[in-house]
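**Student:** fold the following.
(2 chains)
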Amino acid sequence: KQEVTQIPAALSVPEGENLVLNCSFTDSAIYNLQWFRQDPGKGLTSLLLIQSSQREQTSGRLNASLDKSSGRSTLYIAASQPGDSATYLCAVRSGGYQKVTFGIGTKLQVIP
Amino acid sequence: GAVVSQHPSWVICKSGTSVKIECRSLDFQATTMFWYRQFPKQSLMLMATSNEGSKATYEQGVEKDKFLINHASLTLSTLTVTSAHPEDSSFYICSARDRERPNYNSPLHFGNGTRLTVT
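**Tutor:** Okay, the predicted model is just below:
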C-alpha cells in the first residue's frame, strides 16, 4: 500500500526566502507525482506534474524534483511571496489501478 | 483549459436528508472521475472512481448505498449523500481525467470542492 509523507507539516518563512518542501513515498513504482496547492476551503490547483521518467519540472519560481529510486520529491519555491501562503499537497499515482495517494500537506505561511 | 466545475460550493442540510453534489468537466470529456473526501487536517481520501456508463468502484470502507455515484455522461458525475448524518460533514472534492490523455500521463484536474455541513 502506497503511503505518502510530507515534511514539514507547517512552515513559516519571511518574504523573499527560498524554501524546500519534502515529499516521500513508500512504493517507488509510480507513474507520476503531482504537486498541488490548496487555499483554505478551496479545491486543488495543480502546480507541477512529474512523470516517472523525469527528474524535474519547472514553472516560474517553482521547481519540483523526483528521485524515484529513493522515493522522494522536493518542491523548491524561490523568492517566496505572501501570495504563496497555502497548503501544498503531494500526490503519487501508482498501483495496478493507478490510484492517487495524497500526503497530508505542508501548510506554508509567508510573512510580509 | 481543463476546468472542472463542482456545485454547490457549500451546503447545509438537516440530518436524514439527501444531498447531491455535481462535478462537471467544462472543456474536456472525462471517462473517469474521482470523488475524494477531506477531513480537517487530514489528507484527501479517495472514496470512489466513477466511470462513464458503468458502476462506480468504491474504496474499502465506503458505503455504496450511502454515497451514490452516477456518471451518466462524459462531462458529468454526481455524488449523492443519502440520509446524511453529522459525521458525514466534510469537504468533498471531485477530479476528472481527460479522455484524450493517456492514463499514465495525464494530470488530474480538480473541482473547487463542496463543504457539506449536516446539522
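**Student:** need the contact list for residue A:91.
**Tutor:** A:4, A:33-36, A:100-103, B:44, B:108 (CB atoms under 8 Å, 6 or more residues apart in numbering or on different chains). Yep, even glycine has a C-beta here, placed from its N, CA and C like the rest.
**Student:** just checking: what are the partner strands of the host helix or strand of residue B:91?
**Tutor:** Here residue B:91 sits within strand B:90-97, counting by DSSP states H and E. Strand B:90-97 sits in its sheet next to strand B:32-38 (antiparallel), strand B:109-110 (antiparallel), strand B:114-118 (antiparallel), going by DSSP bridges.
**Student:** near chain B, which residues of chain A?
**Tutor:** Applying CB under 8 Å from any CB of the partner chain, we find that chain A lies next to chain B at A:4, A:31-32, A:34, A:36, A:41-46, A:49, A:51, A:89, A:91, A:93, A:97-100, A:102-105.
**Student:** from these, list the buried ones, please.
**Tutor:** For these, a burial check counting by 16 or more other CB atoms under 10 Å in any protein chain shown picks out A:4, A:31-32, A:34, A:36, A:42-44, A:46, A:49, A:89, A:91, A:93, A:98-100, A:102-105.
**Student:** the strands in chain B, which residues?
**Tutor:** B:4-7, B:10-13, B:19-25, B:32-38, B:45-51, B:57-58, B:67-73, B:76-81, B:90-97, B:109-110, B:114-118 (DSSP state E).
**Student:** give me the residues contacting the second one.
**Tutor:** Strand B:10-13 is touched from outside by B:19, B:21, B:84, B:114-119, with contacts defined as CB under 8 Å, 6+ apart.
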